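*Asks:* Give the three-dimensional model of this entry:
(one chain, ligands or ions: 1)
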Amino acid sequence: MPEPTIKSDAHRDPLANWNGALMPLSEVKVSVLDRAFLFGDAIYEVIRIYGGRPFLFEDHVARLGRNLEKLNLPADAEAIAGRTRETIAASDVVEGIVYIQVTRGVAPRTHQFPVPAPQPNELIYVADFKDPYVSVRQQGVSVIVVDDMRWKRCDIKSVNLLANCMAAQAACEAECAEALFVDGNGRLTEGSRSSLFGVRNGTILTAPLRENILPGITRKLLMQLAEECDFPMREEALHLDNLSEIDELFLTGTTTEILPITLVDQRKIGTGTSGPIATKLYDAYKKTVDQLATTTG
Ligand code: PMP
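*Replies:* Okay, the predicted model is just below:
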């Protein structure tokens, strides 16, 4: 007799909340006329869950709200926040992520936003997540540099991620953890799915918030942690030509957390090992995560 197949936790069907109704993610059905399918007319968020609690939740909800406004999408971020909390509570996910996507909804295909506005489709799902970088977090990772060929509104967290997917694929084919985007002026903007930081002469540097990068939630936390650690910090883009002056380089992101980079296009950064500032900031990050377990609400 064949062995019964046991579904491993890592692959179990996530719990979804589809427009207010709880169901397994695999059972959610959506029309092909949804504008996310036709035009990528949708925004999203990814929130990390540690110990059953969402991390930096208010910041993510605030960014969701700003993106809804930027695209004139008539959905209510606070109502989505409430549903998200309910969905997390209804799941038994301890270490995981919440994915939220709001689309402009279903309407006959026209480029302009339909009038009257259709009901937005709101998807939330809660899934198990295992840190993919556990084994490399200490020693650091290699990255490649690719042309930033994205559109000019990367501040909007839209699901139009084809350039990001192509960059991530190129990194994957080069056996690297991430691809860094470089703009036409040689400035490094961010990663395909992460923010970028460097350290030069003891000062932490990161690209200023403009429409060419995503205002990362982890980026914001990193800046707070740097201040608490008394590390000098300046919003100044790193330049590809000046990487030899950089002592440390690291990525930040919701699922990336803080990840040191030791090789860029095969070139060593600093000593070629993860640096003391990134290490200290990662300790501070972990402490912030630990505090989540002791907060109420
Ligand atoms: N930049 C891009 C392009 C991203 O996709 C992400 C991940 N959402 C980030 C930066 C990091 O943002 P956050 O810290 O909010 O996850």
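
*Asks:* how about the residues of this structure near the ligand?
*Replies:* Contacts of the chain with the ligand, taken as CB under 6 Å from any ligand atom, map to 46, 164, 190, 193-195, 214, 216-219, 252-254. Using the backbone N, CA and C atoms, a C-beta is placed for each residue, glycine as well.

*Asks:* Let's see which of those end up in strands.
*Replies:* When DSSP state E is applied, the residues of the chain next to the ligand are split such that 46, 190, 195, 252, 253 fall in strands.

*Asks:* For those, work out which two are farthest apart.
*Replies:* Within those, 46 and 190 form the most distant pair, 15.2 Å apart (CB to CB).

*Asks:* Give me the neighbour count for residue 294.
*Replies:* With neighbours defined by other CB atoms under 10 Å, the count for residue 294 comes to 7.

*Asks:* hmm, back to that, okay if I get the residues of the chain next to the ligand as CSV plus distance to residue 229?
*Replies:* Formatted as CSV, these follow (distance: CB to CB, whole Å):
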residue, distance to residue 229
46, 26
164, 30
190, 22
193, 25
194, 21
195, 18
214, 24
216, 18
217, 19
218, 16
219, 16
252, 15
253, 20
254, 21
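
*Asks:* Can you select the buried ones among the residues you listed for me in PyMOL?
*Replies:* Selection of buried members from the residues of the chain next to the ligand for PyMOL, criterion 16 or more other CB atoms under 10 Å:
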select buried, resi 46+164+190+193+194+195+214+216+217+218+219+252+253+254
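
*Asks:* Looking at the residues of the chain next to the ligand, which is nearest residue 14?
*Replies:* If you rank those by distance to residue 14 using CB to CB, residue 46 comes first, at 12.7 Å.

*Asks:* Residue 182 versus the closest one, what's the distance?
*Replies:* Residue 46 is 24 Å from residue 182, where distance means CB to CB, to the nearest Å.

*Asks:* do the same with residue 162
*Replies:* For residue 162, the distance to residue 182 - CB to CB - is 18 Å.

*Asks:* before we move on, what about residue 64?
*Replies:* From residue 64 over to residue 182 the distance is 29 Å, taken as CB to CB.

*Asks:* who's more crowded, the two?
*Replies:* More crowded of residue 64 and residue 182, by other CB under 10 Å: residue 64, with 24 against 18.
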